[in-house]
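*Asks:* 3D, please:
(one chain, ligands or ions: 1)
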Amino acid sequence: MSVQALHPRAPGGVANARRDAAHFINGEFTQGTSGKNWINRSPLDNSVIGKVPEGGKAEIDVAVRAAHAALEGPWGKLSVAERTDLLGAVADEINARFDDFLEAECLDTGKPYGLASHIDIPRGAANFKMFADTIKTISTEAFTMPTPDGRGALNYALRRPKGVIAVISPWNLPLLLMTWKVGPALACGNTVVVKPSEETPLTATLLGEVMNKVGVPKGVYNVVHGLGPDSAGEYLTQHPLVNGITFTGETRTGEAIMKQAALGIRQVSFELGGKNPALVFADCDLDKAIEGTLRSVFANCGQVCLGTERVYVERPIFDAFVARLKAGAEALKLGRPEEPGVNLGPLISLEHRDKVLSYYRKAVDEGATVVTGGGVPQMPADLANGAWVQPTIWTGLADDAACVQEEIFGPCCHIRPFDSEDEAVTLANATPYGLAASVWTENLSRAHRVAAKLDVGIAWVNSWFLRDLRTAFGGSKASGIGREGGVHSLEFYTEITNVCIKL
Ligand code: NAD
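*Replies:* The predicted structure is shown next:
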């Protein structure tokens with residue numbers, strides 16, 4: 001039964017809709033056998049969206065076994081062309097049901113339609129097309145080698161699917177980040193069991209309908225809802241028939257999953273937290289730097305792993321930069337996803353708001369000057385119970401302050417002046433994280449020089465979140481293990497067998 005059949009969409013925008021979620025196991029929607037569920041609430045106003053079943057050991061076991069069986073079934077027998085045609089059809093069907101995905105994503109997250117319709121849903125579809133194209137065009141290596149008898153030998157590499165991939169995904173870009181893993185996993189011939197974030201169950205469930213509609217064989221794509229520790233997340237990553245684990249989420253959770261992955265020596269691919277810097281040089285185009293930094297700090301209410309939380313500005317333009325970023329932050333419009341002109345939604349949950357507000361208080365305790373924000377905004381009565389926070393800017397914190405070192409994941413940043421290029425690079429690299437950075441300068445030599453010295457996986461110059469999906473994506477230090485994107489995804493989602501033939 002379809003999710004929508006369970007709860008037909010109510011008219012009148014996301015606030016009035018009601019939707020239950022279901023597991024999707026072996027091609028069927030099911031509530032599972034655990035008898036447990038939780039209530040999914042809207043971050044806009046804390047109203048009930050619907051019920052979500054909590055999967056336990058039994059649901060995970062059935063899903064993993066279905067995925068394992070599907071490797072040997074019709075899926076495993078498809079040619080690359082047949083498999084990639086199916087993935088192209090998945091992308092087309094997501095686009096055909098664009099409004100359903102948009103509504104489901106905005107129900108769970110409260111993010112503005114303008115954002116989700118530009119990023120989350122189109123990228124969710126593109127992830128299937130792009131990796132289908134990659135796998136169709138990629139070659140493997142071959143070497144000839146001399147041998148003592150003079151006849152030589154030929155080596156060539158075969159890429160084989162890794163097997164059953166556990167996909168553990170977060171809530172900030174639910175469809176986009178989940179398909180960023182499911183797309184390449186399936187393109188490479190694997191099967192998947194997805195454990196979406198407990199905050200955002202709807203689009204992963206909806207994708208099950210798409211898989212059935214286009215004829216992806218049963219058991220290839222499975223979804224089991226649940227929590228992390230002592231629940232579906234932990235049971236999935238511990239299951240002995242899982243061959244690889246790809247995870248996006250907090251660094252702390254990555255540490256727990258790595259221990260779970262040690263059982264049976266399963267490979268992990270980790271995209272973890274960040275505390276990303278922006279370096280703004282006095283020779284930048286200030287209009288572009290302000291516009292870009294407003295996006296990198298406040299987009300998705302600051303809940304983007306690549307988002308900027310530390311801004312370093314060269315001293316001659318420091319005051320002007322702070323004043324203009326303040327004006328930009330204060331002009332952001334908070335409101336419902338469908339409301340025209342809204343560019344800031346709520347945080348994902350009241351619980352996450354408590355965490356963000358604790359940092360807002362800590363910043364003051366640590367001696368920050370609050371340039372703007374710092375608390376909870378006045379919202380209209382119908383939104384008063386939602387997870388809203390004010391966009392916030394601080395100055396004056398010490399470099400070792402918690403708010404400068406720890407990932408907050410809210411709409412906030414600290415701005416600090418610097419006096420030399422070397423100082424800016426040292427400051428940028430001075431956290432345990434190494435995900436992304438933005439450099440704002442019109443000096444080409446400086447741009448290349450600084451980008452090469454930043455200890456990050458992604459260095460943007462005069463831009464932010466500009467993504468060519470063929471390029472490597474991932475973080476260094478505590479921000480991750482491995483790279484995904486383009487051919488880099490193949491390193492994780494396939495096993496190479498070297499065939500050596502004595503001639
Ligand atoms: P989270 O780590 O709390 O949860 C992510 C997922 O892990 C959820 O599905 C959760 O249920 C599951 N989980 C939790 N404990 C588990 C366990 N012991 N075993 C198995 N699964 C478990 O992260 P979140 O709060 O959902 O997302 C925000 C975080 O994600 C931020 O730190 C952000 O920086 C990070 N993130 C990183 C990237 C990246 O590409 N590097 C992208 C987006 C988000």
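
*Asks:* and stretch 391-404, what's buried?
*Replies:* 391-395, 397, 401, 403-404 (16 or more other Cβ atoms under 10 Å). Just so you know, the C-beta spots here come from the backbone N, C-alpha and C atoms, and that holds for glycine as well.

*Asks:* now for Gly73: which residues touch it?
*Replies:* Remark: with contacts taken as Cβ atoms under 8 Å, 6 or more residues apart in numbering, Gly73 is in contact with 217-219.

*Asks:* go again with 6 Å.
*Replies:* Pro217 (Cβ atoms under 6 Å, 6 or more residues apart in numbering).

*Asks:* one more: Phe24?
*Replies:* For Phe24, the contacting residues are 208, 223, by Cβ under 6 Å, 6+ apart.

*Asks:* any idea how far the ligand is from it?
*Replies:* In this structure, Phe24 lies at 16 Å from the ligand, with Cβ to the nearest ligand atom, to the nearest Å as the measure.

*Asks:* farthest pair within the buried residues of stretch 391-404?
*Replies:* Greatest spatial distance among the buried residues of stretch 391-404 (Cβ to Cβ): Pro391 and Ala401, at 19.5 Å.

*Asks:* the residue nearest to Val322 when sequence neighbours are not counted: neighbour count?
*Replies:* Once its chain neighbours are removed from consideration, Val322 has its nearest residue in Ile415; the separation is 5.5 Å (Cβ to Cβ, 6 or more residues apart in numbering). Neighbours of Ile415 under the rule other Cβ atoms under 10 Å: 24.

*Asks:* contacts for the strand or helix carrying Ile415?
*Replies:* Mapping Ile415 onto the secondary structure by DSSP states H and E places it in strand 412-418. Applying Cβ under 6 Å, 6+ apart, the contact partners of strand 412-418 are 297, 308-313, 315, 318, 322, 392-395, 397, 404, 424.

*Asks:* just the buried residues of stretch 391-404: which are in strands?
*Replies:* Applying DSSP state E to the buried residues of stretch 391-404, the entries found in strands are 392-395.

*Asks:* enumerate every residue touching the nearest residue to Leu435 once chain neighbours are set aside.
*Replies:* On the basis of Cβ to Cβ, 6+ apart, the spatially nearest residue to Leu435 that is not a chain neighbour turns out to be Gly274, at 3.3 Å. When the contact criterion is Cβ under 6 Å, 6+ apart, the partners of Gly274 are 305, 433, 435, 479.

*Asks:* closest one of those to Gly386?
*Replies:* Minimum distance to Gly386 across the contacts of Gly274 is 22.9 Å, recorded for Cys305 (Cβ to Cβ).

*Asks:* looks to me like the closest one is in a strand.
*Replies:* No - the secondary structure assignment for Cys305 gives coil rather than a strand, going by DSSP: H, G, I helix; E, B strand; the rest coil.

*Asks:* now the nearest residue to it once chain neighbours are set aside, what's its secondary structure?
*Replies:* Sequence neighbours aside, Gly274 is the residue nearest to Cys305 in space, at 5.3 Å (criterion: Cβ to Cβ, 6+ apart). Under the three-state scheme (three-state DSSP), the conformation of Gly274 reads as coil.

*Asks:* distance check, Gly274 against the ligand.
*Replies:* Plainly put, Gly274 is 5 Å away from the ligand if you go by Cβ to the nearest ligand atom.

*Asks:* separation between that residue and Glu407?
*Replies:* 6 Å (Cβ to Cβ, to the nearest Å).

*Asks:* neighbours of Ala289, just the number please.
*Replies:* Number of residues near Ala289 (other Cβ under 10 Å) recorded here: 26.

*Asks:* I figured it hits Glu442, correct?
*Replies:* No - with contact defined as Cβ atoms under 6 Å, Ala289 and Glu442 do not form a contacting pair (9.9 Å).

*Asks:* helix or strand right after the lowest-mean-pLDDT helix or strand in the chain?
*Replies:* The helix or strand of the chain with the poorest confidence is helix 3-6; it has a mean of 35 (mean pLDDT, DSSP states H and E). Scanning the chain past helix 3-6 towards its C-terminal end, the next helix or strand to appear is strand 23-25 (assignment: DSSP H and E).

*Asks:* run the chain-centre distance for stretch 49-68.
*Replies:* Mean-position distance between stretch 49-68 and its chain equals 22 Å (Cα atoms, centre = their mean, to the nearest Å).

*Asks:* which outside residues touch it?
*Replies:* Stretch 49-68 is contacted from outside by 18-21, 23, 25-26, 31-34, 36-38, 40, 42, 107, 164, 191, 193, 201, 219, 222, 224-226, 232, 235-236, 239, 241, using Cβ under 6 Å, 6+ apart.

*Asks:* can you flag which of those belong to strands?
*Replies:* Members of those lying in strands (criterion: DSSP E): 23, 25, 37-38, 40, 164, 191, 193, 222.

*Asks:* now, among those, which is nearest to Lys181?
*Replies:* Taking the ones in strands among the contacts of stretch 49-68 together and measuring to Lys181 by Cβ to Cβ, the closest member is Val193, at 11.4 Å.

*Asks:* check contacts around the closest one.
*Replies:* Contacts here follow Cβ under 6 Å, 6+ apart; on that basis Val193 touches 63-64, 67, 166, 222, 236.

*Asks:* same thing but at 10 Å, please
*Replies:* For Val193, the contacting residues are 25, 55, 59-60, 62-68, 164-168, 219, 221-224, 232, 236, 239, 241-242, by Cβ atoms under 10 Å, 6 or more residues apart in numbering.

*Asks:* narrow the residues you listed to those in helices?
*Replies:* Taking DSSP state H, the ones among the contacts of Val193 that sit in helices are 59-60, 62-68, 232, 236.
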